[in-house]
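Trainee: Model the following, please.
(chains A, B, C and D)
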There are 2 protein chains.
Amino acid sequence: MASGDTPPLALNRLSVYLRALRALQREGIERISSQRLASRFGLSAPQIRKDLAQYGEFGIRGIGYDVVSLRRRLEHVLGLDRRHAAVIVGAGNIGTALARFPGLNTGAFHIVAVFDIDPKRIGARIGDLTVRDPLELAEVVESTGADMGILAVPAEAAAENYFALVGAGVRAVLNFAPVRLEEVDGVRVKDVDLTIFLEELAHHLVSSS
Amino acid sequence: MASGDTPPLALNRLSVYLRALRALQREGIERISSQRLASRFGLSAPQIRKDLAQYGEFGIRGIGYDVVSLRRRLEHVLGLDRRHAAVIVGAGNIGTALARFPGLNTGAFHIVAVFDIDPKRIGARIGDLTVRDPLELAEVVESTGADMGILAVPAEAAAENYFALVGAGVRAVLNFAPVRLEEVDGVRVKDVDLTIFLEELAHHLVSSS
DNA sequence: GATTGTGAATAGATTCACAGCT
DNA sequence: AGCTGTGAATCTATTCACAATC
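Mentor: Predicted structure coming up:
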């Protein structure tokens, strides 16, 4: 039971385990061993055990793990047993797609507002949201209790809007702009850089044929 | 000069260095030392040197690196000195946003076709592309010489469409569906799993406040 | 004098192997 | 008998420090 620090690579695996457990639960499976979980989902059994043991002992020796209680425990560790409200900044292609993305409007996450600086976009509807002026950002974050921001603006506008999100009070930012932002005030930034992913694939194409 | 294997973590850093070099070139800077590159872009100088040394010696001791020639060399290593044609499978929110994404239609990459199984979407226009029936996939990949596929379909359809892309002859796949695909035939899969990113941020929100 | 390229040192992550429960 | 939890061993990645070069 040594929590507090989380090995960053292990963290993303917890999400993978959680997804697997949800699938097992839908099938009505009540118990699973690390070995069967690993072979079924292409994972490593000792790694599953080590990752899970980080957060306490909740397997049963000789038996395995209880699917439902482990799922709940992982949801708790990942902070998915509270709702997280998020605002999107940038209502271009990506911002609009994200506003409609099911994963952002089910379960623990929901989008409460979309902002764009372009007057032609302000007032437009995306699903049941209306695009707003970024001047309202701080007020909306405050009134909705949003804790996450999603940056879907061009590279050159990313830093400025990150600061605006920080100032408004969000604690975590998902950044789709192709720039590395300098973190301030412990407001975590996670970059989703499609360019880098594409270049990784391009490298594979030329280095293995 | 020991190429052939590429340390996977170093590879993504090359993309970051490349972006930095392009910025320097736009500013007209001709030479840069690992130290200044590092401090300006928040990187580690010894790591830059080690990463670059992987691909041969192309710095000048006492001086630093030549911005233009290093940029070219990185573009070559990453396979960005050829054009890569990509097809998108799935014309929902994400597929449509990607079809319009500038990073996919400039420089080394370009989108040559978008497919969707929904008859209501087939024939629709996205920019200057027309949504097509997936039955035409193999033929289009063949005739355009596409080497990459982008999967933007629901989770349950991902595996089947991955196999279709493999069968059609692409060599690399960017997967936006929230499932881990089993790689076949050396056709590289890169997962872009928004759910996992969101959960990482959610964890930060609950573990540090 | 400045800066690279690199072997040696350190830190971090994964796998192994087995003692300890059920 | 079966399976977890974990210390020890291995593998991978990063940082350091300095000889080689300009």
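Trainee: quick one, strands of chain A?
Mentor: A:31-32, A:59-60, A:64-66, A:84-89, A:109-115, A:125-126, A:129-132, A:148-151, A:172-175, A:188-191 (DSSP state E).
Trainee: Same list, those strands, but as a markdown table with distance to residue A:53, mean pLDDT and mean neighbour count please.
Mentor: Using the backbone N, CA and C atoms, a C-beta is placed for each residue, glycine as well. Below are these laid out as a markdown table (distance: least, C-beta to C-beta, whole Å; pLDDT from 0 to 100; neighbours: other C-beta atoms under 10 Å in any protein chain shown):
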| stretch | distance to residue A:53 | mean pLDDT | mean neighbour count |
| --- | --- | --- | --- |
| strand A:31-32 | 16 | 98 | 18 |
| strand A:59-60 | 8 | 96 | 15 |
| strand A:64-66 | 11 | 98 | 19 |
| strand A:84-89 | 27 | 98 | 24 |
| strand A:109-115 | 28 | 98 | 21 |
| strand A:125-126 | 43 | 97 | 14 |
| strand A:129-132 | 42 | 98 | 18 |
| strand A:148-151 | 29 | 98 | 28 |
| strand A:172-175 | 26 | 98 | 24 |
| strand A:188-191 | 25 | 96 | 18 |
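Trainee: can you redo those strands as a markdown table with distance to residue B:60?
Mentor: Shown next, in a markdown table, are the strands of chain A (distance: least, C-beta to C-beta, whole Å):
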| stretch | distance to residue B:60 |
| --- | --- |
| strand A:31-32 | 58 |
| strand A:59-60 | 57 |
| strand A:64-66 | 57 |
| strand A:84-89 | 43 |
| strand A:109-115 | 47 |
| strand A:125-126 | 52 |
| strand A:129-132 | 51 |
| strand A:148-151 | 38 |
| strand A:172-175 | 35 |
| strand A:188-191 | 32 |
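Trainee: Give the bridge partners for the residue most central in space within chain A, please.
Mentor: Chain A has residue A:174 as the residue nearest its centroid, 7.6 Å off, counting by C-alpha atoms, centre = their mean. Taking DSSP bridges as the rule, residue A:174 bridges to residue A:150, residue A:190.
Trainee: can you list the domains in chain A?
Mentor: A:8-77, A:84-197 (automatic domain parsing).
Trainee: How far does the longest one sit from its chain's centre?
Mentor: The one in question is domain A:84-197. Domain A:84-197 has its C-alpha centroid displaced from the chain centroid by 13 Å (C-alpha atoms, centre = their mean, to the nearest Å).
Trainee: ok, now the first one?
Mentor: Between the centre of domain A:8-77 and the centre of its chain there are 19 Å (C-alpha atoms, centre = their mean).
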